[in-house]
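1. return atomic coordinates for the entry below.
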Amino acid sequence: MGDVYRKDTVDRTHYPAFHQMEGVRIFDMEKHLNTKDVAEAKKLAEKDLKEVLENLARHIFGDVDMRWNSDYFPFTDPSFELEILYNNEWLEILGCGVIFDGVMKNANRDISKQCGWAFGLGLERWAMKLFEIDDIRLFWSKDPRFLN
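-> The predicted structure follows:
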């Protein structure tokens, strides 16, 4: 977990600084996914990724409407974002994807035998939903009414 900074248009759900938590799962294709076929293993990893993250979102947020969107992240392919319906608007709660082959190779992983998935989620957006906070900018407020 750590601070993340990015260029972003500031509004009630976007801020140029936030805290992110990341997770990774690596599979031995033959042992964990019962296949030696790389393309099939990546499809199975994608399916596992979505199931795990949907279950996490349901566990934290309850029975909320969710949707997956294709996205681009430089370290995953394919890449996705998961959104939940929050205050009658879709709110991205995490980005994720199947780990890009180049990343696996840089980690000294054999891409003919291993694949995996990764995600990153902004903790402020999760806290917004959990604690019914309607403006992400409040997390950087000095207002004691909010801080208390």
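
2. rest of the way, CA atoms for contacts and neighbours
-> Noted.

3. please pull out the lowest mean pLDDT helix or strand from the chain.
-> strand 2-5 (a mean of 60; mean pLDDT, DSSP states H and E).

4. and after that one, which helix or strand comes next?
-> Using DSSP states H and E, the helix or strand that directly follows strand 2-5 along the chain is strand 17-28.

5. got the CA positions of whatever helix or strand comes next after that next one in PDB?
-> Counting by DSSP H and E, the element after strand 17-28 in chain order, helix or strand, is helix 29-33. Provided in PDB are the C-alpha atoms of helix 29-33 (Å, rounded to 0.1, in the frame of the first residue of the first chain):
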ATOM      1  CA  MET A  29      -0.500 -23.400 -15.300                       C
ATOM      2  CA  GLU A  30      -0.400 -27.200 -15.200                       C
ATOM      3  CA  LYS A  31      -0.800 -27.500 -11.400                       C
ATOM      4  CA  HIS A  32      -3.400 -24.800 -10.700                       C
ATOM      5  CA  LEU A  33      -5.200 -24.400 -14.000                       C
END
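
6. just checking, what packs against helix 29-33?
-> helix 38-61 (3 or more C-alpha pairs under 8 Å, 6 or more residues apart in numbering; DSSP states H and E).

7. C-alpha coordinates for the helix or strand following the helix it packs on, PDB please?
-> Proceeding N to C from helix 38-61, the next assigned helix or strand is strand 66-73, under DSSP H and E. Taking only C-alpha atoms (Å, rounded to 0.1, in the frame of the first residue of the first chain), the coordinates of strand 66-73 have been written out as PDB:
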ATOM      1  CA  MET A  66     -21.300  -4.000 -10.800                       C
ATOM      2  CA  ARG A  67     -19.900  -3.900 -14.300                       C
ATOM      3  CA  TRP A  68     -16.600  -4.700 -16.000                       C
ATOM      4  CA  ASN A  69     -15.100  -2.300 -18.600                       C
ATOM      5  CA  SER A  70     -12.200  -3.000 -20.800                       C
ATOM      6  CA  ASP A  71      -9.300  -0.600 -20.000                       C
ATOM      7  CA  TYR A  72      -5.600  -0.100 -20.600                       C
ATOM      8  CA  PHE A  73      -2.900  -0.500 -18.000                       C
END
